[in-house]
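A.B. asks: Requesting a structural model of the entry that follows:
(chains A and B, ligands or ions: 1)
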Amino acid sequence: MNTTQDIDPKIYSILKDVSDPEIPVLSIVDMGVVRSAKLLENNRVKVEITPTYSGCPAMDVIGDDVKKAFQDKGYQAEVKLILSPAWTTDWMTDEAKQALKEYGIAPPMDATSDKEALLGNKKIIECPQCGSTNTKLVSQFASTACKAMFKCEDCKEPFDYFKCLI
Amino acid sequence: MTNENLIQYLYGIADNSLILGQRLGELCGHGPTLETDIALTNISLDLFGQVRSYFQYLAELSKDDLTEDDLAFLRKEREYKNLLLVEQPNTDFAYIIVRQYFFDVFHYMLLEKLQDSKNVNLQGIAKKSIKEVAYHQRFSGDWLLRLGDGTEESKQKVQQAVSDLWVFTDELFHVTKDDEAVIKAGHGVDVRLLKDDYYAKITNQLKQATLEVPETKYFQKGGKQGIHSEHMGYILADMQFMQRAYPDMKW
Ligand SMILES: [Zn+2]
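C.D. replies: Numbering: from 1, shown residues only, chains lettered A, B, ... in the order given. All right, here's what the predicted structure looks like:
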């Protein structure tokens, strides 16, 4: 959890176990997608989630997964989608960034480095397979809008880079 | 500002993303290379996502019990308020890139100002969308340079696209009566004030791409009043077929 999230500690672990359907190693809490979670009377819960990208097709699934996770523990959850403040990669915890890397996706860099990398000016994105920075941009968009496609010139493997969004 | 003013203003913005998103969606599986195919359809997805945010808000504003799907799929041609530029066909990759670039630069400038709207819903959507559009603009701007300053053939094709699509650029800065009321209320953006910066920016990019800047003073308008080009009917036929054949169908 990071400081911008407002999650009741009593229900934190339930949310922590809900994973991002597109990147199953990541918890939606560590992604920063859960903005707040409040425990109300009669075992009712109110959860606010925000999309990483406007067109993120995972949001409906995330909403359903949250409801189901609470239902399994005897709660009834209401899920609300909010747009502001807009999601930023700064909300991803270090734990999430590490998990991304282990999963084979290069985690987002800071805004300045991100721009240099995506313009092809500097070789700074680290290959999640071998750790080399001898990598090359293939496409600014990849398997989803939130990622860019790179190729490692050392181990020759292609990989996704999670673009910075601030 | 009346509720109806605001509704029409919102269509004027949202329908651009809807129709351009649909145009780009047609390219799914047909892009010139795998990478550009994926990029264009990802941009399409971003635009559809933005449309959903506008339409959910529009559905709240409308008196009838409308849903976002009704707004997207069940309006008649005259009720769509998108710009003529975004409904132009995917003639070739050069047209796709130029259409995108001409729109992206405008879209970014519009959202930049919309972030200061007095309307919190619009503010929220703008702040979210602008981050995505920054990437769109970079993609189309880069390709404009590559095609313009590329081979003889790519240069000739992209120059043709620039000359043909230029006539639709002036409409970007057209303000309707509804827009006027919404601007006055501090909810909307006066796009007329963006015009000089816009042309300075795209002129600069065209020159960098070693392309000629068209000198024509003849411009086409109509989309914002619901008067569309001959392409619009085909787009809607494609887009609306499922909802009309199977009313209220859900995925
Ligand atoms: Zn490698």
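
A.B. asks: use CA for all of it now, contacts and neighbours both
C.D. replies: OK.

A.B. asks: so who does A:Q5 touch?
C.D. replies: By C-alpha atoms under 8 Å, 6 or more residues apart in numbering or on different chains, the contact set of A:Q5 is A:G32, A:V34, A:R35, A:S36.

A.B. asks: Just give me the closest of the residues you listed to A:F141.
C.D. replies: Taking C-alpha to C-alpha as the measure, A:G32 is the one of the contacts of A:Q5 closest to A:F141, at 21.7 Å.

A.B. asks: Now do the contacts for the nearest residue to that closest one once chain neighbours are set aside.
C.D. replies: Setting aside the residues directly before and after it, A:G32 is nearest to A:W91 in space (C-alpha to C-alpha, 6 or more residues apart in numbering or on different chains), at 5.0 Å. Contact partners of A:W91, counting by C-alpha under 8 Å, 6+ apart, are A:N2, A:T4, A:D30, A:M31, A:G32.

A.B. asks: Out of those, show me where the pLDDT dips lowest.
C.D. replies: Here the lowest pLDDT out of the contacts of A:W91 sits on A:N2, with 67.

A.B. asks: quick one: which helix or strand includes B:S129?
C.D. replies: When elements are assigned from DSSP states H and E, B:S129 belongs to helix B:120-148.

A.B. asks: So for that helix, mean pLDDT?
C.D. replies: When the per-residue pLDDT values of helix B:120-148 are averaged, the result is 95.

A.B. asks: after it comes which helix or strand?
C.D. replies: Taking DSSP H and E, what comes next after helix B:120-148 is helix B:152-165.

A.B. asks: what's the following helix or strand after that following helix?
C.D. replies: Stepping forward along the backbone from helix B:152-165, the first helix or strand reached (DSSP H and E) is helix B:177-184.

A.B. asks: And that following helix, what does it pack against?
C.D. replies: Applying 3 or more C-alpha pairs under 8 Å, 6 or more residues apart in numbering or on different chains; DSSP states H and E, one finds that helix B:177-184 contacts helix B:3-25.

A.B. asks: List the contacts of the helix it packs on.
C.D. replies: Taking C-alpha under 8 Å, 6+ apart as the criterion, the residues outside helix B:3-25 that touch it are B:40-41, B:43-45, B:47-48, B:50-51, B:54-55, B:58, B:61-62, B:72, B:80-83, B:86-87, B:89-90, B:178-179, B:181-182, B:188, B:224, B:235, B:239.

A.B. asks: Determine the angle, from 0 to 180 degrees, between the following helix or strand past that helix and helix B:120-148.
C.D. replies: Next in sequence after helix B:3-25, counting helices and strands by DSSP H and E, comes helix B:34-61. Helix B:34-61 runs at 160 degrees relative to helix B:120-148, counting by axes from the mean of the first three to the mean of the last three C-alpha atoms, to 10 degrees.

A.B. asks: What's the mean pLDDT across the lengthiest helix in chain A?
C.D. replies: In chain A, with assignment by DSSP state H, the single longest helix is helix A:59-72. Computed over helix A:59-72, the mean pLDDT rounds to 95.

A.B. asks: does that helix come close to chain B?
C.D. replies: No - contact of helix A:59-72 with chain B is not found when judged by C-alpha under 8 Å from any C-alpha of the partner chain; the minimum separation is 10.7 Å.

A.B. asks: Check the separation of the first and last residues in stretch B:200-218.
C.D. replies: Here the two ends of stretch B:200-218 are set 18 Å apart, with distance taken as C-alpha to C-alpha, to the nearest Å.

A.B. asks: What residues sit buried inside that stretch?
C.D. replies: Of the residues in stretch B:200-218, those scored as buried under the neighbour-count criterion (16 or more other C-alpha atoms under 10 Å in any protein chain shown) are B:I202, B:T203, B:Q205, B:L206, B:A209, B:T210, B:L211, B:V213.

A.B. asks: gap between the two ends of stretch B:211-230?
C.D. replies: Distance across stretch B:211-230, first residue to last, is 29 Å (C-alpha to C-alpha).

A.B. asks: List the contacts of B:W166.
C.D. replies: Applying C-alpha under 8 Å, 6+ apart as the definition, the contact partners of B:W166 turn out to be B:P214, B:F219.

A.B. asks: Dihedrals phi and psi, A:A148?
C.D. replies: Backbone torsions for A:A148, taken as degrees, to the nearest 10, come to phi -120, psi 160.

A.B. asks: Check whether the helix or strand of chain A with the lowest mean pLDDT comes near chain B.
C.D. replies: The weakest-scoring helix or strand in chain A, judged by mean pLDDT, DSSP states H and E, is helix A:111-118 (a mean of 84). No - contact between helix A:111-118 and chain B, assessed by C-alpha under 8 Å from any C-alpha, is absent, since the two come no nearer than 9.4 Å.

A.B. asks: what does that helix contact?
C.D. replies: Applying C-alpha under 8 Å, 6+ apart, the external contacts of helix A:111-118 come out as A:P108, A:K122, A:K123, A:I124, A:I125, A:L137, A:Q140, A:K163, A:C164, A:L165, A:I166.

A.B. asks: Can you give me the buried ones in it?
C.D. replies: When burial is assessed from 16+ other C-alpha under 10 Å, helix A:111-118 yields the following buried residues: A:S113, A:D114, A:A117, A:L118.

A.B. asks: okay, now A:S13: neighbour count?
C.D. replies: Counted by other C-alpha atoms under 10 Å in any protein chain shown, the residues lying close to A:S13 total 11.

A.B. asks: Residue numbers of chain B in contact with chain A?
C.D. replies: Close to chain A, as judged by C-alpha under 8 Å from any C-alpha, chain B has residues B:35-36, B:38-39, B:42-43, B:45-50, B:53, B:124-125, B:127-129, B:131-132, B:135, B:139.

A.B. asks: A:I124 touches A:T133, doesn't it?
C.D. replies: Yes - under the contact definition of C-alpha atoms under 8 Å, A:I124 touches A:T133, with a separation of 5.4 Å.

A.B. asks: Mind checking which of the buried residues of stretch B:200-218 land in helices?
C.D. replies: Among the buried residues of stretch B:200-218, the residues falling in helices (DSSP H) are B:I202, B:T203, B:Q205, B:L206.
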